[in-house]
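1. build me a model from this:
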Amino acid sequence: MSLKQLGWNDFFADAFSRYATLGWVPARIIRDNKISYGVLDQEGHEREAVLGGKVYHDAISDAELPAVGDWIALEIGKPGEENVIRARLPRQSRFSRKTPGKSTQEQVLAANISIVCIVTDAGADLNLRRLERYFALIGRGGASAVVLVNKSDLYSPEENNAAAAAIQALAPDAKIIITSTIDGTNVKAIQKLLSPGVSITFIGSSGVGKSSLVNALLGEKMREEGHVNEVTGKGRHTTSARELILLPSDGILIDNPGIREVQMWTDETTLREKFLDVFEIAALCRFHDCRHGSDEGCAIREAVAENRLAAERFEAFLKLDEEIAHLKMRLEKRRITLERRAKRDHRIKARNLADRRDHEFHLKPRPTGL
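-> Numbers count the residues shown, from 1 in each chain. Sure, this is the predicted structure:
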């Protein structure tokens, strides 16, 4: 196995050069075991590794800690000793979301990926508003988007083609593929996306057939496949942890559990790119501060009335814009809090140092007179 097959390139080689003289070796994280990590080194050896203290303490947030797909500098321990992650190399790309709940933290689902494959179907799982969120997150992370309209054997060609067309209209730059692992429809088209060193991750709801697609790419049944409830169209989780898998043909796959919650971790620039049509129409409003409600001369309201802009898409834009603004406000509040805490800690350390010096000064023996 070569480093190139693992996804190594000049970008990572340049970043690693500072560690080469220390006797450390490059490795890629294939599994996060919570307490330790599973890593794959340049010789294809899978090892268990622990996180070095400096890496942990230097991380400003959890998102800066190693994630599945990250390249690291690894110190291989002597027999009986632990292997230690001494540094995480910079990322070329990532797929992230906001950590579920009230946290303002970023959660990295996969690092250093080339392609994010969204798996859906033409039935109950098809949700254009959720797909808009996926596209915004993928755009922010720097990967390419591919959508697999899976389980095509369960729907008519008309239903599959209509779903594909609706998704394509939503994201003209995305590649849309109608697939089925039951009859093999376009499974080879997925394989053609891959080449040595190309990393791909599959995301989507539980029960849409991600595990079946992974098994088809692997050529063997390595993922338990869950059953789908015929009433709700929902499936149970069959992947419980993120894991990097080397494919037998070409490429690298990072398998993800089903994602129940897609909270935004992006910015205004990415929102503008993914909703360019909305921004272009808004630019035609009579007043630059138009609130797109009852304001006179609102181009958005006119476009919705004339069916040039879907009301659902505009509502989705408003919701995402509000989420991003709220996230930005919370991040700013967190930054100010951390700055105040750092200044307070600095003052306490300075005061303690002054007290210690003053104490040592009084303990010094005084010179006695002759």
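
2. identify the residues contacting Leu3.
-> Residues in contact with Leu3, defined by Cβ atoms under 8 Å, 6 or more residues apart in numbering, are 26, 42. The way it works is simple: take the backbone N, C-alpha and C, and place the C-beta from them, glycine included.

3. from Ser211, how far off is it?
-> Applying Cβ to Cβ, to the nearest Å, the value for Leu3 to Ser211 is 29 Å.

4. can you pull up the most central residue in this protein?
-> Central residue of the chain (Cα atoms, centre = their mean): Phe95, 2.0 Å from the mean position.

5. next SSE downstream of the worst-scoring helix or strand of the chain on mean pLDDT?
-> Between all helices and strands in the chain, the lowest mean by mean pLDDT, DSSP states H and E belongs to helix 268-274, at a mean of 59. Using DSSP states H and E, the next helix or strand after helix 268-274 towards the C-terminus is helix 276-282.

6. for the record, mean pLDDT for the helix or strand following that next one?
-> Scanning forward in sequence from helix 276-282 by DSSP H and E, the next helix or strand is helix 299-305. In this model, helix 299-305 has an average pLDDT of 84.

7. need the contact partners of helix 299-305.
-> Residues from elsewhere that reach helix 299-305, judged by Cβ under 8 Å, 6+ apart: 278, 281-286, 290, 292-293, 309-311, 314.

8. got CSV for the residues you listed, with distance to Pro79, pLDDT and neighbour count too?
-> Below are the contacts of helix 299-305 laid out as CSV (distance: Cβ to Cβ, whole Å; pLDDT from 0 to 100; neighbours: other Cβ atoms under 10 Å):
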residue, distance to Pro79, pLDDT, neighbour count
Val278, 61, 77, 21
Ile281, 67, 82, 21
Ala282, 65, 81, 19
Ala283, 67, 82, 9
Leu284, 71, 83, 13
Cys285, 71, 86, 19
Arg286, 76, 82, 10
Cys290, 70, 81, 17
His292, 67, 77, 18
Gly293, 70, 72, 8
Leu309, 66, 82, 20
Ala310, 64, 82, 15
Ala311, 66, 81, 11
Phe314, 63, 79, 20
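
9. what is the nearest of those residues to Glu48?
-> Val278 (48.6 Å; Cβ to Cβ).

10. could you measure from the closest one over to Ala316?
-> 9 Å.

11. just Gly293 next, same as before
-> Distance from Gly293 to Ala316, counting by Cβ to Cβ: 17 Å.

12. ranges for the helices of the stretch 101-250 of the chain?
-> Using DSSP state H, counting those that start in this stretch, the helices of the stretch 101-250 of the chain run over 128-141, 157-170, 187-191, 210-218.

13. touching, Gln107 and Asp62? I think so.
-> Yes - assessed by Cβ atoms under 8 Å, Gln107 is found in contact with Asp62 at 7.4 Å.

14. between the two, which one's more packed in?
-> Legend: neighbour count by other Cβ atoms under 10 Å for Gln107 and Asp62, higher for Gln107 (17 against 13).

15. give me the beta-bridge partners of that one?
-> Arg97 (DSSP bridges).

16. how close does it get to Asp32?
-> 12 Å.

17. show me the shaky parts of the chain.
-> 1, 98-105, 220-241, 257-274, 320-338, 341, 359-370 (pLDDT under 70).

18. and it, what are its domains?
-> Residue ranges for the domains of the chain, per automatic domain parsing: 4-88, 94-255.

19. next, the distance between the ends of stretch 203-213.
-> End-to-end distance for stretch 203-213: 11 Å, by Cα to Cα, to the nearest Å.
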